[in-house]
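> Have a look at this fold, sequence not included:
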């Protein structure tokens, strides 16, 4: 659906995380690294809330970008 100002409004049939979509694929176990199992990923996904996982990701991103920024000035 397009609006007069050129913006589009998207309507998604359902919301799903990338992990939920991976689990629904027919050959999801074949997409994993050899040392990783679906059960381990499910346990990891259940160990944190969505908010906790997002905060941890942001913290890791800041740490990584801080290291990259330090290398650019050196």
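Arrived safely, thanks for sending. Remember, it's a predicted structure, so these values are computed and weren't measured experimentally. Residues are numbered from 1 along each chain as shown.
> For the helix or strand hosting residue 65, the averaged confidence score.
Following DSSP states H and E, one finds residue 65 within helix 50-73. Averaging pLDDT along helix 50-73 gives 87.
> how far does it sit from the chain's center?
Relative to the centre of its chain, helix 50-73 is centred 14 Å away, using Cα atoms, centre = their mean, to the nearest Å.
> That one: which residues count as buried?
Within helix 50-73, no residue is scored as buried using 16 or more other Cβ atoms under 10 Å. Every residue, glycine included, has its C-beta placed from N, CA and C.
> which secondary structure elements does that helix contact?
Packing partners of helix 50-73 (3 or more Cβ pairs under 8 Å, 6 or more residues apart in numbering; DSSP states H and E): none among the helices and strands.
> what does it rub up against?
residue 48 (Cβ atoms under 8 Å, 6 or more residues apart in numbering).
> In the chain, which residue is most central in space?
Centroid-nearest residue in the chain: residue 18, 6.0 Å away (criterion: Cα atoms, centre = their mean).
> Please tell me how far that residue sits from residue 9.
23 Å (Cβ to Cβ, to the nearest Å).
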